[in-house]
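>>> sharing a model that was predicted from the sequence below.
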Protein chains: 2
Amino acid sequence: MTMQTLDDIRELAAQLRVDSIRCSTAAGSGHPTSSMSAADLMAVLMARHLRYDWRRPDDPANDHLIFSKGHASPLLYSMFKAAGVVSDEELMTGYRRFGSRLEGHPTPVLPWVDVATGSLGQGLPDGVGVALAGRYLDELPYRVWVLCGDSETAEGSVWEALDKAAYYRLRNLTAIVDVNRLGQRGPTELGWDLDAYAKRAEAFGCHALVIDGHDLGEIDKAFSRAAEAEQPTVILARTRKGRGFSEVEDREGWHGRPLPEQMAERAILELGGERHLLVSGPRPEGGTPRAWPDGEVNLPRYELGAKVATRLAFGQALAAVGARGHVVALDGEVDNSTHLEEFAKAHPERYFEMFIAEQQLIAAAVGLSVRGYVPFAATFAAFLSRAYDFIRMSAISQANIRLCGSHSGVEIGADGPSQMALEDLAMMRAVHGTTVLYPSDATSAAYLTEQMAERSGIVYMRTTRGAYPVLYGPDEQFPIGGAKVVRSSPDDQVTLIGGGVTVHNCLAAAGQLGGEGIRARVVDLYSVKPVDTRTLLAAADATAGRLVVAEDHYPAGGLGSAVLDAFNDAGHPVRISHLAVRDLPGSGTPAELMEAAGISAGQIARAARELLGG
Amino acid sequence: MTMQTLDDIRELAAQLRVDSIRCSTAAGSGHPTSSMSAADLMAVLMARHLRYDWRRPDDPANDHLIFSKGHASPLLYSMFKAAGVVSDEELMTGYRRFGSRLEGHPTPVLPWVDVATGSLGQGLPDGVGVALAGRYLDELPYRVWVLCGDSETAEGSVWEALDKAAYYRLRNLTAIVDVNRLGQRGPTELGWDLDAYAKRAEAFGCHALVIDGHDLGEIDKAFSRAAEAEQPTVILARTRKGRGFSEVEDREGWHGRPLPEQMAERAILELGGERHLLVSGPRPEGGTPRAWPDGEVNLPRYELGAKVATRLAFGQALAAVGARGHVVALDGEVDNSTHLEEFAKAHPERYFEMFIAEQQLIAAAVGLSVRGYVPFAATFAAFLSRAYDFIRMSAISQANIRLCGSHSGVEIGADGPSQMALEDLAMMRAVHGTTVLYPSDATSAAYLTEQMAERSGIVYMRTTRGAYPVLYGPDEQFPIGGAKVVRSSPDDQVTLIGGGVTVHNCLAAAGQLGGEGIRARVVDLYSVKPVDTRTLLAAADATAGRLVVAEDHYPAGGLGSAVLDAFNDAGHPVRISHLAVRDLPGSGTPAELMEAAGISAGQIARAARELLGG
C-alpha cells in the first residue's frame, strides 16, 4: 500500500513493533525493546523518505539505510517483511536460527544490508564512506540514512564520523539517533538531555534537529528538512525503549531480552494485533553513476640494485594503478610518510584525507567499497591497530578493502616503539579471509600493489621505512600465495626465510655463510597469507629441514607462525630457528635495533651455523 | 632559579626552544617545530603551575604532566634539563640514540613520564585515568596537565576522554591544546578556528579557554583559572609552529624535521643563544593518598559438576579480590554480561562506568595503574579489539592492567559474528609481555582472577558465555604458566588439547573414544601465554606425538599457534591436528555453531581417530 496518511504509517509502526516482538520471542533472544523505540522513526522513513527499490537492491540510485544499532535487527527485518522481500514465515522461523540469513545482527548476506553492524559506533562511520561515494564519486542524489543508538554516541568513532561528515559537507547523510535513554545495564550518560546531544552535533559542524521520536508528523518534517539541509543532519529523537507495550516501556532491565510468550501475547494485544501490511515507499530518482574510465596501468620500473623504499614503490605503483577509474585512496594524515601522496598528486579527485582518525579511515574504505569502489587506505602499520575492531567487522561485512601499513618493525629506527608495527602481521593474519603481503623490494611492492586492486576481501600490505636494494627485475611476477627463492644452489645446506627488510638481512647472511663455504638458500616470503607451502616444503626438503625464519615483528602470530602453520597444515612438522623481536625496543639506528632484536645478518648467519652444528 | 617575572619565563621558553633545536639537530631527527609552538605554554607551566618535586617523581602528591603529543619530546626533555634532572650532555648525546632513555617518543623508562605516548590521542585518555585516581581514590589535590596537539583532536578517543572527564567532573584535569594549525602533511581540519574547538570542548561538558599561546601573561592566567574550575578545563592555545625562528615559523614542510646544522645555528642566534637556566617551580602540596585497607580474599567455591559460566566466576571472584583495597574495576557498559556487576555491588566506590568507549576504558585502566592501583577492565572480548592500539601502547608504558573479555568464540550462539571474539587470543598473544589466560571452569576462573591481581604487565582473561560443569575442586591450584591434565591413564594413545569451552568438548570426545577402547588424554591449556611446555612435551611423549588441538578461535595466532610455538621453541617439532573456526560463522545455538566450526566433541573424536589411523 502507499502510505497516504499518518494513520497508515501508525499502523505500519504498530506492525513493526508487533513483528519485532514476535520474531524475537520465537527466537528466544534478541532486542525487541530497542526495536520498539525506533519503530515510528523507521515507519515514517520507509513509507515516505527512503527512496529504495526493494526488488533491485543493486540499483545505484537507491538510498542507503544502515542500522548502526545493529542489535535492533528485529526492527530491520520487520521492515524487510513490510517491504515484501522477507516473508512472515522466514521472519518467524529464521530469525537468529542456524543457517538463516536473518542473523542476530545484520550482515550483507542480506542484499538490502550494506555493512555488518553490531559492534557499536561503526554504522555511522561506514555511512560516511557511502555518502562520500554518493557526493564525490557516483555523483548521484541518493541519501544515506543511519539509525544510531544513543549509547553508541559514547564511542569516539561517532565523533570521527560527524567531524568528517561535516568536513566533506555530506548533506546526503542523515544520522537518526534513537535517544531512548536506556543502555544495556541502565541509563545512558546523557539520558534525555537532547539539547546536550544537539550541542555536540552542531559543534561538530552538523545540522541538528531535536524531535519527539514518536510524533509521526514531527518525524516526517525532520526527514524532509534533512533532505534539504546543506550539511549532514543529526536527528535527535526522544523515544521510549519498549514503546507501545506498557509493561516494559521506559523500564530498566529489558535490554536484549525477548518477551516471554504470554507477555508477548499481551503486548501484541496492546499494539492492536498482528498486521501484514505491505508498503511501497518512494522510488529512487534514477540516474547512473559518473563514469570513471579506466586507463592503462603503467607500473613504475626500478633498476636492480637501486635503493628504493617499498613504501615509495607502493605510492608510485598506486598512482599508476589509479589509472583504473574505480581505485580511490584514503589517507590518515601521513601521506608523505606512506607515500600515498603519489596517488593524491595523480588523482586528487579520488583522494580523501581522513586526518588522524584511523577508525574513520577504515570505515570510509568500507563505505566506498559498498558502492563498488576499490579503496586503498594507508597509514603507519602501527596505527592500523587503532582500527582493529573496524577491520574485524569489515571481514564480517565481506568488504573489499586494501590497507597499506608503512613503518613496520624496529627497522624504523629513532622514532621508537610507539611508531613501530610489531603486532600487525599477527593482527591481520588472525582476521577471516584476509590476504597479507610483505614485499622486500620496490619491484615486488609495485607488482603486489596492482594485485591488491584485483583481490577481494581485506588485503593488507606491510611496507618498510628505509630504502633497500631492488632485488628483482621489472618483469618478474609475484603472484599472491607465492614466494621467491632469491638465492639457491643445487646443494643448499640451510634455508633462510625472511619477509620485507629481513630478506635483505638473509641475503647478507647467505653472503657471509658463502664465504665460509656454507650454501644457504634464501626465501622471500612476500605473501604471508596465503603462504607458499610448496616452496617452503621444497626448501625444507632440499636443506634437510634446516630453516631459519627471521622477522621484524614480535614472535607470536607473524612470519614464524605462518611458516609453522604451513608445515603443520601440510602434515610435515619442522623445527624452525625463529628470530624475532623478543624485547621491547627503544630508539636507535635501524642497524642497531635489528642487531638488538637479534634479526641482523650476523645473527641470521649464526643461527644457520648452529643448525649446521657449527 | 625561581621564576619571578614573565621576563624570566620568557628566557626559559627561549631556552626550551633552543634546546629542542639543539638536541634534534644533534640527533638528526625529531620534531623541533612542534616543540617550539608549545614552549611558552610549558615554560609558564613548569615555572608557576606544575607542582612537582623533580627529585622525587614518586611523591604521590606530585602533579602529573603528560605529553599526549609525544612527538614534542625535544620540548619535554628540554624541560627535564631545565628542571635539573637531565644534563645538557645527556640531552645532546642521548636524544633518540640507541640505549638512551631519551627515546624518540617519551616512555616511562624516564621516572618523570607516566605513560608512553606517540600514538596520538592517547595521552589525554590516560590522563583521565590519572585524574580519576586523584579525585576518587587518592583523594589528593594533585592536578593532571596534558599537552595535546591540535591534529590529534581528530581522534575519537580525545572526545571519549573529554566526555568522561566531564561526566566524572575531573576538575583536576587540564588539557592544553597547542593549536599550531599545521599537521604532518599540511593544515589541520580546523586551522586556527579556536572557537570551533572551544564549542566542541564545551559541548562535551568541559570548561574551555581560548588564549594566545605565546602571550605568557594570558597563559599564566589561564592555568590559574583552570586550577579553580569546577569542571575539566580545555585550554585552546593559538600558537605558531616553529615559533621563534623566522625561517620556519608557521611554514609548511617542517613537521618532524630537525633543522640542518647551519640553520640551527641561525635559529639559536635568533633565539638569543644557548642558556642553561635551572628552574624550581612550585612544590606539591603534600599529603598522603587515602588508605584503602586490605581485607581477606575469600574466593567463591564451586561444586564439582555444577554448571557455572566462567564469566560469572570471574565476576564473583573479582568481587572477592576486591577485598584488596587497591583493586579497582572499569566497565564498558556491559557489566551484566561480563558479570563485573558483582564487583560493582561489592565495591561501588572503586568502580568506574566508562560506558561504550573501549579506548577510554583501557586508557583509564592505564592511568589508574600509574598511581599504583590494580585495575580490571572488562567488556566483550570482541570489543577489546576496539582498543588494540591502546593495549599495544600499554605494553610500551609497561603498565600493569588486567583485562577480561567475555563472550568468546562461536560459543556465544545467536548473537552472531559481530559479538564473537575470534581473534582475541592472537591479538593479545602478539603484544609484548602479555599474559593470556583462558579458564575452562568456574574454579580455575576464580583462582586465575586472583592471580591476575598479583601479576604485572598486561594480563588478559578470556571467559565464556555459557555455563559448563565445574571440573575442579575448590582447592585445586592453577599457576600461571601451567596446564591441567584433566584426564589421563598410563597408556594414553592420543592427547586432546583444549582451552575454555573446548576442554569440555575434549572431555566429551575422550568419553566417546573411551567407549571405543581408545584412551585419550585431555589437557586444559588454561594458560595460553606463558604456556606449559613441559606438560605438552610429556603428553606428546606419552601419546606418540598424537595431538589434537581444538579452539573456539580463528586458526591463526591462537591456541594452536601457542602449542606449535611451544614445541618449536623446545626444539621438538610436532604435528597437531588443528581444529579451529575456519569459516565466517553466523547465528545458531552454541552446539550448532561449534559443530559447524568443526570443534565439537564428535569432530574432536574423529580427528583423534584419524591420528590413530582409524
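Thanks, I have the structure now.

>>> please enumerate the helices of the stretch 151-300 of chain A.
Remark: helices assigned in the stretch 151-300 of chain A by DSSP state H, counting those that start in this stretch are A:156-167, A:194-203, A:216-228, A:261-270.

>>> which stretch among the ones you listed is buried most, on average?
Each of the helices of the stretch 151-300 of chain A was scored by mean neighbour count; the highest is helix A:156-167, a mean of 29, by mean count of other Cβ atoms under 10 Å in any protein chain shown. C-beta here means a position set from N, CA and C on the backbone, and glycine is covered the same way.

>>> tell me where the stretch 351-500 of chain A has strands.
In the stretch 351-500 of chain A, the strands defined using DSSP state E, counting those that start in this stretch lie at A:351-353, A:374-380, A:401-406, A:435-437, A:458-462, A:467-469, A:484-487, A:494-498.

>>> who does the last one touch, helix- and strand-wise?
Contact analysis of strand A:494-498 by 3 or more Cβ pairs under 8 Å, 6 or more residues apart in numbering or on different chains; DSSP states H and E lists helix A:501-515, strand A:520-524, helix A:533-542, strand A:547-550, helix A:559-569, helix A:601-611 as its packing neighbours.

>>> format those as CSV; extra columns: mean neighbour count, distance to residue A:136 and mean pLDDT.
Shown next, in CSV, are those (neighbours: other Cβ atoms under 10 Å in any protein chain shown; distance: least, Cβ to Cβ, whole Å; pLDDT from 0 to 100):
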stretch, mean neighbour count, distance to residue A:136, mean pLDDT
helix A:501-515, 23, 37, 98
strand A:520-524, 27, 39, 98
helix A:533-542, 18, 43, 98
strand A:547-550, 29, 44, 98
helix A:559-569, 25, 38, 98
helix A:601-611, 21, 48, 98
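
>>> of all these, which one is nearest residue B:22?
Proximity to residue B:22 (Cβ to Cβ) singles out helix A:501-515 among these, at 31.4 Å.

>>> would you mind putting the CA coordinates of the closest one into CSV?
In CSV, the C-alpha atoms belonging to helix A:501-515 read as follows (Å, rounded to 0.1, in the frame of the first residue of the first chain):
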residue,chain,number,x,y,z
VAL,A,501,63.7,-6.0,5.4
THR,A,502,64.8,-9.3,6.8
VAL,A,503,65.1,-10.7,3.2
HIS,A,504,68.0,-8.3,2.8
ASN,A,505,69.5,-9.5,6.1
CYS,A,506,69.0,-13.1,5.0
LEU,A,507,70.8,-12.3,1.7
ALA,A,508,73.7,-10.7,3.6
ALA,A,509,73.8,-13.7,5.9
ALA,A,510,73.9,-16.0,3.0
GLY,A,511,76.8,-14.0,1.6
GLN,A,512,78.7,-14.3,4.9
LEU,A,513,77.9,-18.0,5.1
GLY,A,514,79.0,-18.4,1.5
GLY,A,515,82.4,-17.0,2.5
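
>>> chain B is nearest to which of the helices of the stretch 151-300 of chain A?
Closest approach to chain B among the helices of the stretch 151-300 of chain A (Cβ to the nearest Cβ): helix A:156-167, 2.2 Å.

>>> output the contacting helices and strands for the closest one.
helix A:123-132, helix A:358-370, helix B:156-167.

>>> what does the stretch 451-600 of chain A have sitting close to chain B?
The stretch 451-600 of chain A has residues A:529, A:554-558, A:560-562, A:564-565, A:568-569, A:571-576, A:578, A:583-584, A:586-589, A:592-593, A:596 near chain B, with proximity defined as Cβ under 8 Å from any Cβ of the partner chain.

>>> show only the entries of those found in helices.
If you go by DSSP state H, these have A:560, A:561, A:562, A:564, A:565, A:568, A:569, A:592, A:593, A:596 in helices.

>>> quick check: the farthest pair among these?
In those, the most distant members under the criterion Cβ to Cβ are A:569 and A:592, with 36.9 Å between them.

>>> distance of residue A:519 from residue A:264?
75 Å (Cβ to Cβ, to the nearest Å).

>>> whoops, residue A:54 was the one
Remark: distance between residue A:54 and residue A:264 (Cβ to Cβ) = 27 Å.

>>> then residue A:464?
Going from residue A:464 to residue A:264 by Cβ to Cβ gives 59 Å.

>>> helices of the stretch 1-150 of chain A, start to end?
A:6-27, A:32-36, A:39-44, A:73-82, A:88-94, A:123-132.

>>> would TSV of these with mean pLDDT be doable?
TSV is the format used below for the helices of the stretch 1-150 of chain A (pLDDT from 0 to 100):
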stretch	mean pLDDT
helix A:6-27	98
helix A:32-36	98
helix A:39-44	98
helix A:73-82	98
helix A:88-94	98
helix A:123-132	98
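
>>> and these, which is most packed in?
helix A:123-132 (a mean of 32).

>>> wait, residue A:34 sits on residue A:180?
Yes. Here residue A:34 reaches residue A:180: they are 7.2 Å apart, a contact under Cβ atoms under 8 Å.

>>> what is in contact with these two at once?
A:149, A:241 (Cβ atoms under 8 Å, 6 or more residues apart in numbering or on different chains).

>>> need the helices of the stretch 151-300 of chain A in TSV with mean pLDDT, can you?
Formatted as TSV, the helices of the stretch 151-300 of chain A follow (pLDDT from 0 to 100):
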stretch	mean pLDDT
helix A:156-167	98
helix A:194-203	98
helix A:216-228	97
helix A:261-270	98
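
>>> in a markdown table, list those along with distance to residue B:362.
Converted to a markdown table, the helices of the stretch 151-300 of chain A look like this (distance: least, Cβ to Cβ, whole Å):
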| stretch | distance to residue B:362 |
| --- | --- |
| helix A:156-167 | 12 |
| helix A:194-203 | 23 |
| helix A:216-228 | 35 |
| helix A:261-270 | 39 |
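
>>> and those helices: which comes nearest residue A:365?
Across these, closest to residue A:365 is helix A:156-167 (Cβ to Cβ), at 12.5 Å.

>>> the inter-axis angle of the closest one versus helix A:358-370?
Relative orientation of helix A:156-167 and helix A:358-370, computed by axes from the mean of the first three to the mean of the last three Cα atoms, to 10 degrees: 60 degrees.

>>> please tell me the pLDDT value assigned to residue A:280.
Looking at residue A:280, its pLDDT stands at 89.

>>> same deal with residue A:4?
Residue A:4 is assigned 80 on the pLDDT scale.

>>> same question, residue A:498
Looking at residue A:498, its pLDDT is 98.

>>> tally of neighbours for it?
29 (other Cβ atoms under 10 Å in any protein chain shown).

>>> so it sits against residue A:505, correct?
Yes. Using Cβ under 8 Å, residue A:498 is in contact with residue A:505, at 6.4 Å.

>>> what is in contact with the two at once?
Residues touching both residue A:498 and residue A:505 (Cβ under 8 Å, 6+ apart) are A:550, A:604.

>>> can you tell me the closest non-neighbouring residue to residue A:149?
Nearest residue to residue A:149, sequence neighbours excluded (Cβ to Cβ, 6 or more residues apart in numbering or on different chains): residue A:69, at 3.7 Å.

>>> confirm for me that that neighbour is in contact with residue A:146.
No. Contact criterion Cβ under 8 Å: residue A:69 and residue A:146 do not qualify, at 9.4 Å.
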